[in-house]
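J.: fold the following for me, if possible:
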Amino acid sequence: MNCKRFAMLLAGVLLITGACGAPARASSPAAGAEASGYEMRVYAATPEIQIAYPVFSDQDGLNALVEAQVKAMVPEDTAGVTIEYACAVTLLNRRMVSMVFWGYSNVEGSIHPYNDLFTLNVDRETLRPVTLTDLYEVNADFEKVFFDHAAFPGDPVTSYAADTFADALALQVSGLQSYDPFGMAGQIACFLKPDGLVLSLPAVHASGSDHFEAQLRYADIQAYYRLSDNLWED
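T.: Model (predicted):
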């Protein structure tokens, strides 16, 4: 796929098919970008590997972290590899920037393609990546709050339509998962939005998707917040 075709994908609504046909729903990741102090570009490791990413104005340290993240999503051996990732900056203020990368990947000869999702959250004062466990005490109580209050996340990307979200959530709590992602470090990705925190979990295989997203209101999980100031507030 060439850069022109990928730019067309960024300008419209992107429909990505997962390993078993589950759609990832997305809005345009480039909307309002230039007015927000960054522009979207495309990293083309090969003609078949195209990854959208933001470049921030006069932010060399932040841009270096973004570039490292983008390159880390590309395997060392790119022979037969296809990657098409969109990107959206979901939160940007004086303290925090949060972004999500998502899309299709495949390796020639593999059993099926994948529907991938990666996140990058950066504390702009320290220029350090921030993970879910940096922000919150993730324990059994946090997990219960998540499943009690999980809501359809909407834009910019989800693995399910709003009318099938409840069924997808029910599968996540059905016991079909072979392990508990809340009990294993690094299994849950997150990105911040002005109105809430989105968690991305490995999806139950029976759902037909590779990942599952749900949003929590910050007020619902404030009791588990580790920091003294709210990074989502400017």
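J.: which stretches of the chain form helices?
T.: 3-11, 60-72, 132-135, 140-149, 165-172 (DSSP state H).
J.: now those as JSON lines including distance to residue 191, mean pLDDT and mean neighbour count?
T.: From N, CA and C alone the C-beta is placed, and that goes for glycine too. Formatted as JSON lines, those follow (distance: least, C-beta to C-beta, whole Å; pLDDT from 0 to 100; neighbours: other C-beta atoms under 10 Å):
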{"stretch": "helix 3-11", "distance to residue 191": "18", "mean pLDDT": "39", "mean neighbour count": "14"}
{"stretch": "helix 60-72", "distance to residue 191": "12", "mean pLDDT": "97", "mean neighbour count": "15"}
{"stretch": "helix 132-135", "distance to residue 191": "10", "mean pLDDT": "96", "mean neighbour count": "17"}
{"stretch": "helix 140-149", "distance to residue 191": "15", "mean pLDDT": "94", "mean neighbour count": "14"}
{"stretch": "helix 165-172", "distance to residue 191": "18", "mean pLDDT": "86", "mean neighbour count": "17"}
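J.: those: which one's closest to residue 231?
T.: helix 132-135 (7.4 Å; C-beta to C-beta).
J.: tell me how many other residues surround the nearest residue to residue 99 once chain neighbours are set aside.
T.: In this structure, residue 99 finds its nearest non-sequential neighbour in residue 89, 4.8 Å apart by C-beta to C-beta, 6 or more residues apart in numbering. For residue 89, the neighbour count with other C-beta atoms under 10 Å is 24.
J.: so how far is residue 137 from residue 89?
T.: 27 Å (C-beta to C-beta, to the nearest Å).
J.: re the thing from before, right, so of the helices of the chain, which gets closest to residue 97?
T.: Using C-beta to C-beta, the nearest of the helices of the chain to residue 97 is helix 60-72, at 6.7 Å.
J.: run the chain-centre distance for the closest one.
T.: Relative to its chain's centre, helix 60-72 lies at 16 Å (C-alpha atoms, centre = their mean, to the nearest Å).
J.: packing partners of that helix?
T.: Judged by 3 or more C-beta pairs under 8 Å, 6 or more residues apart in numbering; DSSP states H and E, helix 60-72 is in contact with strand 38-46, strand 49-56, strand 96-107, strand 114-123.
J.: turn those into JSON lines, including mean pLDDT, distance to residue 163 and mean neighbour count.
T.: Shown next, in JSON lines, are these (pLDDT from 0 to 100; distance: least, C-beta to C-beta, whole Å; neighbours: other C-beta atoms under 10 Å):
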{"stretch": "strand 38-46", "mean pLDDT": "96", "distance to residue 163": "30", "mean neighbour count": "16"}
{"stretch": "strand 49-56", "mean pLDDT": "97", "distance to residue 163": "28", "mean neighbour count": "22"}
{"stretch": "strand 96-107", "mean pLDDT": "95", "distance to residue 163": "21", "mean neighbour count": "22"}
{"stretch": "strand 114-123", "mean pLDDT": "93", "distance to residue 163": "19", "mean neighbour count": "21"}
